[in-house]
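Trainee: Pasting the sequence and the predicted model now:
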Amino acid sequence: MKQYLLISLLFCAFNSFAYAQQTNCGTSLNCDPLVKYPYANCDGNIVCSNNPLQLQPSVVQVEIPICLDNVPTDGPSTVFLPGGAGLVKVFDMLDIQNDINCAQDQWACICGKQNTPCKCHIDLVWSKNPAHFLNSTTVLGEAWPWKRNCKLNCKETGTSTTNKAVIYLNNCTEFVQISNGIPHKALVNGNIDYSQLQSNPTSLAYNLCDLIAHEMGHLYGLSHYDENIIQGKKVIPNCNPITLPTTGLMVSKLQPNNKQIGLSKDDKCAFARLYCNAVHVEDSDSLFSDVQIKTYPTPTQNLLNIEFSIDRNTVYLIFQVFNESGKLMYDNGYFYNNTGLNRITEDFSFLSNGTYYFKIYSEINVFSGKFVIAR
Amino acid sequence: MKLTLSILILILALLVNINTNASSQTPPCFPEFQGISYQMDDIVNCPPYNSNMPLDVFIGYLSLDSLSKYAQINEYKEFLNRQTYNDTMRTMMRFIYKTVEYNPNTYLSFMYHAKYDKTPIDEYFYCFINKVLDESPSPKLDASLLGSYLIAQITVDSIYSYIDSTSWPISSRLVCCSINQTFKGSSNVNNNNPLIIEPQIKFEYSDEWLVNGNEDSSNVIFELEKNKSYIVFLEYRFVCRSSLDIYYTIYPFRSSYSKTACMYPIVNGNVIDTFNELGFGTSVNLNIFNAGLTNRINAIKNYTP
């Protein structure tokens, strides 16, 4: 028992060390303010936004970070594929925890949550059951995000076994298509680059860390950039004015025989806009400097001026005003092209006397303050 | 004498059994599988050419086999990306439709006849189905026609509900039904022998396939009912292979992303397609529906550039 505990402690220590190795957790991403990303909203549709928190109906948001529990019952123990002069081991179930950590840490790191306890546990189930997949011949994995009241049914909250969220990994016979012990398709450990092992591969090897991270992206409420299936229809998000990214993990199809891709800047920005606004970000590239923001006059009768500095060209800012009850009273977005001092002047003659709170969102930061209207 | 007769009967029984594929509850190559499964002979030759084969079917097999041997899957995808709903696409649709229809069991067996030197054939097949969904003027109808192994009007005789607890529970429905009319494929899903008529088939679906993603599991948007009739598009799904046999199951076709899993009820003589997925209308007279479906099938099969 003591030995087991020691191993567990060592394992935890190793994981903590691994977390510490991640760089730039919770720091600036310099996301392009013009780029909108597709999110799943609570109507079951996809919406494009560069400020998803303000959408109505609201988008799917979960408690972060999510953690995955491996259910290896129907998974392969080891997988060998042709490589070099013979066969090489490309998957070992003993390494699966590294792939899980690899995926979940990438997401948690974006908001600097990599060291915080999991808020939501989801099972990662290896399945041989074709009923678990839309098309088990070609689908690598599938996230079944059972939701109730637009909340992900984590193991902590799921009310029955059959409506908890789950990520399935495909180990169906019709997917792997084993011939003489060699699978034609395989999920391989994240550190494996099969293209380096086989110059002209006929087997299709898919990076497991990337796949898990992709499915976790769906649990977090992100949609494919390119193509989605929504209520039986193919939907390509219309996220104009900027062309959607075609790289990263949240594209609809992961390419086989690649080395690990990892989250792209777009993947991170899509996530950060949904989850990181409330996180204070220490960032040398910050668009705002708090001391340079000022509001006047206060109290005001109608017009309010807000001055602030930005230190790079072209930013998109969202300005919102709330009353004392937290009700959104005003919501507007602005493009700014000038570095240096800028000023917003708003006419609040439609507001009654009282104290109001405002927030200004950039793509990486949020600044808040208050003003008083007295006539 | 008795011994000789017994041996003769045994030999006859074995001979009959060679061509007889019975439904099986537990495939020996996948004993944990809880759904209905069918057993059939594996193909001996791959591709399964024969001298009686229509030319279009021969070309279908030849093309798929060549692609899997000589074309990288990414090259094939790039080729498809360059196509619109043009002569090439429509001709490919003709080949694919006829190849699947000619002998669905053989086609299934061919598709999963894995070999080292080939890319899996199902990758090419389902890529094409996906392309049809993108380009066809009647995307769901055409994708369902091409990808289904059996399209039929059925009457449900019984439904058995159970929880399939293979690795993770799923609510399964085993449907036994009588076939009233077939549009594609054979009702002899149990049997390769066309002389033996099987008027009843069994297939399965799961409640989880038929719920809106943002609702809880009690809100199933569609259910089959006993003694009612439906138009169904079914596909054979490979379960596993033993040394001589392959085992497969039958599901409603799902790769066209139908909200009702390609199952359309017939109510008061009308086919109900609530979301007008097939393009014939949300409620259309059965005879008109049948004529429309047959016309579309003929248009695909007889297309000439």
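Mentor: Looks like it arrived, so ask away. Numbering: from 1, shown residues only, chains lettered A, B, ... in the order given.
Trainee: hmm, stretch B:231-250 in reach of chain A?
Mentor: Yes - in terms of Cβ under 8 Å from any Cβ of the partner chain, part of stretch B:231-250 sits within range of chain A, namely B:237, B:238, B:239, B:240, B:241, B:249. Bear in mind the C-beta positions are built from the backbone N, C-alpha and C, glycine included.
Trainee: Show me which of the residues you listed has the smallest pLDDT value.
Mentor: Minimum pLDDT for the residues of stretch B:231-250 next to chain A is recorded at residue B:241 (86).
Trainee: Would you confirm that that one contacts residue B:112?
Mentor: Yes - with contacts counted by Cβ atoms under 8 Å, residue B:241 reaches residue B:112, the gap being 7.0 Å.
Trainee: which ones are touching the residue sitting nearest the centre point of chain B?
Mentor: A centroid search over chain B (Cα atoms, centre = their mean) returns residue B:235, at 2.1 Å, as the residue closest to the centre. Residues in contact with residue B:235 (Cβ atoms under 8 Å, 6 or more residues apart in numbering or on different chains) are B:147, B:148, B:149, B:150, B:250, B:251, B:252, B:253, B:254, B:255.
Trainee: who touches the fourth one in this structure?
Mentor: I take that to be residue B:150. Contacts of residue B:150 were listed using Cβ under 8 Å, 6+ apart, and they are B:104, B:182, B:184-187, B:189, B:201, B:232-236, B:250.
Trainee: And the fifth one, by the same measure?
Mentor: Under the criterion of Cβ under 8 Å, 6+ apart, the contact list for residue B:250 reads B:36, B:38, B:149-150, B:189, B:201-204, B:234-237.
Trainee: Wait, a strand at it?
Mentor: Yes - counting by DSSP: H, G, I helix; E, B strand; the rest coil, residue B:250 is found in a strand.
Trainee: so what's it scoring on pLDDT?
Mentor: pLDDT, read off for residue B:250, is 94.
Trainee: excluding its backbone neighbours, what's nearest it?
Mentor: Leaving out its chain neighbours, the residue that sits closest to residue B:250 by Cβ to Cβ, 6 or more residues apart in numbering or on different chains is residue B:203, at 3.9 Å.
Trainee: my guess is that neighbour is in a strand, correct?
Mentor: Yes - secondary structure of residue B:203 (three-state DSSP): part of a strand.
Trainee: Correct me if wrong: it contacts residue B:175.
Mentor: Yes - assessed by Cβ under 8 Å, residue B:203 is found in contact with residue B:175 at 5.5 Å.
Trainee: ok, back up a step: among the contacts of residue B:235, which ones are in strands?
Mentor: B:150, B:250, B:251, B:252 (DSSP state E).
Trainee: Roughly how far does residue B:86 sit from residue B:44?
Mentor: 37 Å (Cβ to Cβ, to the nearest Å).
Trainee: Give me the more crowded residue out of the two.
Mentor: residue B:86 (11 against 8; other Cβ atoms under 10 Å in any protein chain shown).
Trainee: Provide the backbone phi and psi angles at the more buried one.
Mentor: phi -110, psi -170 (degrees, to the nearest 10).
Trainee: Next, give phi and psi for the nearest residue to residue A:31 once chain neighbours are set aside.
Mentor: Take residue A:31 and drop its neighbours on the chain: the residue closest to it by Cβ to Cβ, 6+ apart is residue A:269, 3.6 Å away. For residue A:269, the backbone dihedrals (degrees, to the nearest 10) come out as phi -70, psi -40.
Trainee: Next, count neighbours for residue A:269.
Mentor: Neighbour tally, residue A:269, other Cβ under 10 Å: 25.
Trainee: again, but for the one 3 residues further on
Mentor: For residue A:272, the neighbour count with other Cβ under 10 Å is 21.
Trainee: Which strand or helix spans it?
Mentor: Assessed by DSSP states H and E, residue A:272 sits inside helix A:265-275.
Trainee: ok now that helix, how far from the chain's centre?
Mentor: Distance of helix A:265-275 from the chain centroid (Cα atoms, centre = their mean, to the nearest Å) equals 6 Å.
Trainee: quick one: average pLDDT of stretch A:72-79?
Mentor: Averaged across stretch A:72-79, the pLDDT comes to 92.
Trainee: for residue B:96, what are its contacts?
Mentor: By Cβ under 8 Å, 6+ apart, residue B:96 lies in contact with B:60, B:125, B:128, B:146.
Trainee: So which residues on the stretch 151-300 of chain B come close to chain A?
Mentor: Residues of the stretch 151-300 of chain B lying near chain A (Cβ under 8 Å from any Cβ): B:163-164, B:166-172, B:204, B:206, B:208, B:212-217, B:237-241, B:249, B:251, B:254-255, B:257-259, B:275, B:277.
Trainee: For those residues, I'd like a selection string for PyMOL - just the buried members, please.
Mentor: Here is the PyMOL selection string for the buried members of those, based on 16 or more other Cβ atoms under 10 Å in any protein chain shown:
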select buried, chain B and resi 164+166+167+168+170+171+172+204+206+208+214+216+217+237+238+239+240+241+249+251+254+255+257+258+259+277
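Trainee: So the residue nearest to residue A:31 sits against residue A:34, correct?
Mentor: No - using Cβ under 8 Å, residue A:269 is not in contact with residue A:34; the gap is 11.3 Å.
Trainee: which of the residues in stretch A:80-90 are buried?
Mentor: Applying 16+ other Cβ under 10 Å to stretch A:80-90 flags A:80, A:81, A:82, A:83, A:88, A:90 as buried.
Trainee: distance between the ends of stretch A:33-42?
Mentor: Here the two ends of stretch A:33-42 are set 24 Å apart, with distance taken as Cα to Cα, to the nearest Å.
Trainee: Could you pull out the buried residues of that stretch?
Mentor: In stretch A:33-42, the ones that count as buried by 16+ other Cβ under 10 Å are A:33, A:35, A:36, A:37, A:38, A:39, A:40, A:41, A:42.
Trainee: Any part of that stretch near chain B?
Mentor: Yes - legend: contact between stretch A:33-42 and chain B by Cβ under 8 Å from any Cβ is shown at residue A:42.
Trainee: Stretch B:226-238: how far from the chain's middle?
Mentor: 10 Å.
Trainee: try stretch B:53-61
Mentor: Using Cα atoms, centre = their mean, the offset of stretch B:53-61 from its chain centre is 19 Å.
Trainee: Please apply the same query to stretch A:41-48.
Mentor: 16 Å.
Trainee: Could you do stretch A:60-80 as well?
Mentor: The answer for stretch A:60-80 is 16 Å, by Cα atoms, centre = their mean.
Trainee: what about it and chain B, any contact?
Mentor: Yes - using Cβ under 8 Å from any Cβ, stretch A:60-80 reaches chain B at A:60, A:71, A:73, A:74.
Trainee: Can you tell me which helix or strand of the chain has the lowest average pLDDT?
Mentor: Using chain A. helix A:2-21 (a mean of 37; mean pLDDT, DSSP states H and E).
Trainee: ah, I was thinking of chain B
Mentor: Counting by mean pLDDT, DSSP H and E, chain B has helix B:2-18 as its least confident element, at a mean of 42.
Trainee: Return the closest of the contacts of residue B:96 with respect to residue A:189.
Mentor: residue B:125 (28.8 Å; Cβ to Cβ).
Trainee: which SSE is that closest one in?
Mentor: Going by DSSP H and E, residue B:125 is part of helix B:121-135.
Trainee: residues in contact with the residue nearest in space to the middle of chain A?
Mentor: Among the residues of chain A, the one closest to the centroid is residue A:271, at 3.7 Å (Cα atoms, centre = their mean). Residues counted as contacts of residue A:271 (Cβ under 8 Å, 6+ apart) are A:107, A:110, A:111, A:217, A:220, A:222, A:263.
Trainee: pLDDT check: weakest of the residues you listed?
Mentor: residue A:111 (85).
Trainee: Ramachandran coordinates for that residue?
Mentor: Torsion angles, degrees, to the nearest 10, at residue A:111: phi -100, psi 10.
Trainee: One more: residue B:184?
Mentor: Per degrees, to the nearest 10, the backbone of residue B:184 is at phi -150, psi 140.
Trainee: returning to what we had before: in helices, which of the residues of stretch B:231-250 next to chain A appear?
Mentor: The helices in this structure, assigned by DSSP state H, contain none of the residues of stretch B:231-250 next to chain A.
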